[in-house]
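[1] Pasting a predicted model and its sequence here:
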Amino acid sequence: MQPDQLTEHTLVDSLLTLETFTGVDIKLRIAGVYIRGIARLIDDVLRILIVSALTALLVPTGVVGIGLAAVLGFFVWWSYNVLFEILNNGVTPGKHYMGLRAVNADGTPIRWANSVIRSLLLVVDFLPVGYLLGIITMSLSGTQQRIGDIVAGTIVVYNRPLKSRRIPDIQRSAPLPEHLTAEDQLLFLSFQERMSELSPERAIELAETLEPLLHKQGQDALIEVNAIAQGIRIGS
């Protein structure tokens, strides 16, 4: 699978289209800052609880216990993400609760090296405080990647990708509807030119906004818009 194009970018989530050899597009909904922040908060709370439990158990045993608690606490804090992401297919408890998964940027399962890199660079994303640098980077990135994701080549997506077949190229032309103004014609032509940039669902949604002119819904509206645009181009 290779990334095809990013569509429908918003401040919350994005949609990434991956083209497969079967002709079926896999649409991965990329998680935005808000939902990833909640998942991160859940994971941080769990890590604190685990480290606190280890400390409470080992510190009373003396100097050796204190040293062991420090070592185990460090290990838990830095290996938490990696172990869950590798052993649980990219899903930490926080991501599981929010329905998210970490994957490689091409949609394939995350690998050890990628997970280690993105986990180690959390300290950079945290700077100067409260993951501020990571939030800024995600907000500016079309693929909602923090610095660790960019370096590791990973993204965080929703667990259930959307599958849909590509909208076929339509060559059929149709007569222009009555009372179609020059402005309306430009609208049809502009829509046809943007077709390749839109997901099938979004294309149908926009086509249905022309319902007063077309009197059609769903896929029929999309086909009719393209046919009319083709008719405008050839002067029918």
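    Structure's in. What do you need?

[2] Averaged pLDDT, the one helix or strand residue 219 maps to. What do you get?
    If you go by DSSP states H and E, residue 219 is part of helix 218-234. Average pLDDT, helix 218-234: 74.

[3] where does residue 177 land on pLDDT?
    65.

[4] ok, back up a step: does anything pack onto the helix holding residue 219? Which helices or strands?
    In terms of contacts (3 or more C-beta pairs under 8 Å, 6 or more residues apart in numbering; DSSP states H and E), helix 218-234 is packed against helix 182-194, helix 200-208, helix 211-214. Just so you know, the C-beta spots here come from the backbone N, C-alpha and C atoms, and that holds for glycine as well.

[5] just the ones you listed: most buried one?
    helix 200-208 (a mean of 18; mean count of other C-beta atoms under 10 Å).

[6] how much does that helix deviate in direction from helix 182-194?
    170 degrees (axes from the mean of the first three to the mean of the last three C-alpha atoms, to 10 degrees).

[7] if we can go back for a sec, quick one: work out the angle between the helix holding residue 219 and helix 182-194.
    110 degrees.

[8] right, so of the helices and strands packed on helix 218-234, which gets closest to residue 40?
    helix 200-208 (29.1 Å; C-beta to C-beta).

[9] To residue 63, which of the helices and strands packed on helix 218-234 lies closest?
    helix 200-208 (62.1 Å).

[10] Can you list phi and psi of the residue of the chain most remote from its centre for me?
    Ranked by distance from the centre of the chain (C-alpha atoms, centre = their mean), the top residue is residue 62, with 47.8 Å. The phi and psi torsions at residue 62 (degrees, to the nearest 10) take the values phi 120, psi -160.

[11] Quick check: it vs residue 41, distance?
    Per C-beta to C-beta, to the nearest Å, residue 62 is found 34 Å from residue 41.

[12] and the chain, what are its domains?
    If you go by automatic domain parsing, the domain ranges for the chain are 2-162, 168-234.

[13] Mean pLDDT lowest where, among the ones you listed?
    Looking at those, the bottom one is domain 168-234 with a mean of 69.

[14] Quick check: bridge partners of the residue nearest the centre of the chain?
    Geometric centre of the chain, nearest residue: residue 30, 0.9 Å, by C-alpha atoms, centre = their mean. Beta-bridge partners of residue 30, counted by DSSP bridges, are residue 14, residue 157.

[15] From residue 120, how far off is it?
    Counting by C-beta to C-beta - residue 30 and residue 120 are separated by 22 Å.

[16] how about the helices of the protein, start to end?
    33-58, 63-87, 93-98, 112-120, 122-126, 132-140, 147-152, 182-194, 200-208, 211-214, 218-234 (DSSP state H).

[17] In TSV: these, plus distance to residue 158.
    Formatted as TSV, the helices of the chain follow (distance: least, C-beta to C-beta, whole Å):
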stretch	distance to residue 158
helix 33-58	9
helix 63-87	16
helix 93-98	9
helix 112-120	18
helix 122-126	21
helix 132-140	16
helix 147-152	15
helix 182-194	25
helix 200-208	15
helix 211-214	30
helix 218-234	25
